[in-house]
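>>> Model the following, please.
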Amino acid sequence: MLIDLHAHSYPNSDDSLLPIEELITEAKRAGLDGLCLTEHDRFWDTQNLQALSREFDFPLFPGCEVTTDEGHLLVFGLHEYVFGMHRSEFVRNLVHEARGAIIAAHPYRRQFKQEEAQSEATYERMLTQAYQDQSLSSAHGVEALNGRGSEEENAFAQEICARYSLAGAGGSDAHRPGDVGSCATRFPEPVHTLEALVKALRSGLFQPVPRKAGQHPPPNGGGGVRSIYPA
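Below you'll find the model as predicted:
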């Protein structure tokens, strides 16, 4: 199954240009098998999402892109934003208690600087710093392909996965129609419920898939299949 793990709709994410109906329609047109709604620091009402899923006959999964001091985390298995979630350690503990899953979003942000990356020594330092960042060490996987990231930025994320044997995922990070379906995550087994999605993410058995020109499949599928927590 091909599922986009990272998408935003308007007005739940105020920087998105995609009303939810258009986002779902574009996801179906792009040939996806499911879509995760990961609004910024906001969770969808489960009943509303289930009603939309039935209306469009398309699997929709609730999630959230949580903004922490250390980076952005795609969180699955929680249902509301609570005070303290600006700290990644706090988020990790909540997700651990809920038996949820975390994917570290666009890990190149704050760390990767293209001009400085021309120096091998500097590039190595950036990789080390990115891995040591709390948002990565708390995750079950890393977004190895982000639809809005450059080739160099995604290559940096893929190197993190390969270097530290972390599972790689793919998400469009859709904010406008042209973003939808730009990349996704392939799951070898059917995923039709949030519980099944979380189980698959915790297992590390998934693979990032490029779906637009200029993107390339990560070596070895985007890294290993190690996740921080046991399945």
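>>> CA atoms of stretch 131-151 as PDB?
Extracted in PDB, the C-alpha atoms of stretch 131-151 (Å, rounded to 0.1, in the frame of the first residue of the first chain):
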ATOM      1  CA  TYR A 131      21.300  12.400  14.700                       C
ATOM      2  CA  GLN A 132      22.100  13.600  18.200                       C
ATOM      3  CA  ASP A 133      19.100  15.900  18.000                       C
ATOM      4  CA  GLN A 134      16.500  14.700  20.400                       C
ATOM      5  CA  SER A 135      13.800  14.700  17.700                       C
ATOM      6  CA  LEU A 136      15.700  12.000  15.700                       C
ATOM      7  CA  SER A 137      16.700   9.800  18.600                       C
ATOM      8  CA  SER A 138      13.100   9.700  19.700                       C
ATOM      9  CA  ALA A 139      11.700   8.500  16.400                       C
ATOM     10  CA  HIS A 140      10.700   5.100  15.000                       C
ATOM     11  CA  GLY A 141      11.700   6.400  11.600                       C
ATOM     12  CA  VAL A 142      13.000   9.400   9.600                       C
ATOM     13  CA  GLU A 143      11.400  11.100   6.700                       C
ATOM     14  CA  ALA A 144      13.900  10.200   4.100                       C
ATOM     15  CA  LEU A 145      11.800  11.700   1.300                       C
ATOM     16  CA  ASN A 146      10.000  15.000   1.700                       C
ATOM     17  CA  GLY A 147       8.100  16.200  -1.300                       C
ATOM     18  CA  ARG A 148       9.000  19.800  -0.700                       C
ATOM     19  CA  GLY A 149      12.700  19.100   0.100                       C
ATOM     20  CA  SER A 150      15.500  19.600  -2.500                       C
ATOM     21  CA  GLU A 151      17.400  16.700  -3.900                       C
END
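>>> so how far is that stretch from its chain's centroid?
8 Å (Cα atoms, centre = their mean, to the nearest Å).
>>> where does the closest residue to F90 other than its chain neighbours land on pLDDT?
Closest residue to F90 apart from its sequence neighbours, by Cβ to Cβ, 6 or more residues apart in numbering: G84 at 4.4 Å. Yep, even glycine has a C-beta here, placed from its N, CA and C like the rest. On pLDDT, G84 comes in at 96.
>>> Ok, the one 10 residues further on next?
Reading off the per-residue confidence, L94 sits at a pLDDT of 97.
>>> My read is that it contacts S88, right?
No. The criterion here is Cβ atoms under 8 Å, and L94 misses it with S88 at 10.6 Å.
>>> Give me the more crowded residue out of these two.
S88 (24 against 18; other Cβ atoms under 10 Å).
>>> measure that one to A117 for me?
According to Cβ to Cβ, to the nearest Å, S88 and A117 sit 24 Å apart.
>>> Do a quick rundown of the strands in the chain.
2-4, 34-37, 60-62, 64-67, 72-76, 101-104, 141-146, 168-171, 183-186, 207-210 (DSSP state E).
>>> Which parts of this protein are helices?
20-29, 46-56, 88-98, 120-132, 134-137, 151-164, 194-203 (DSSP state H).
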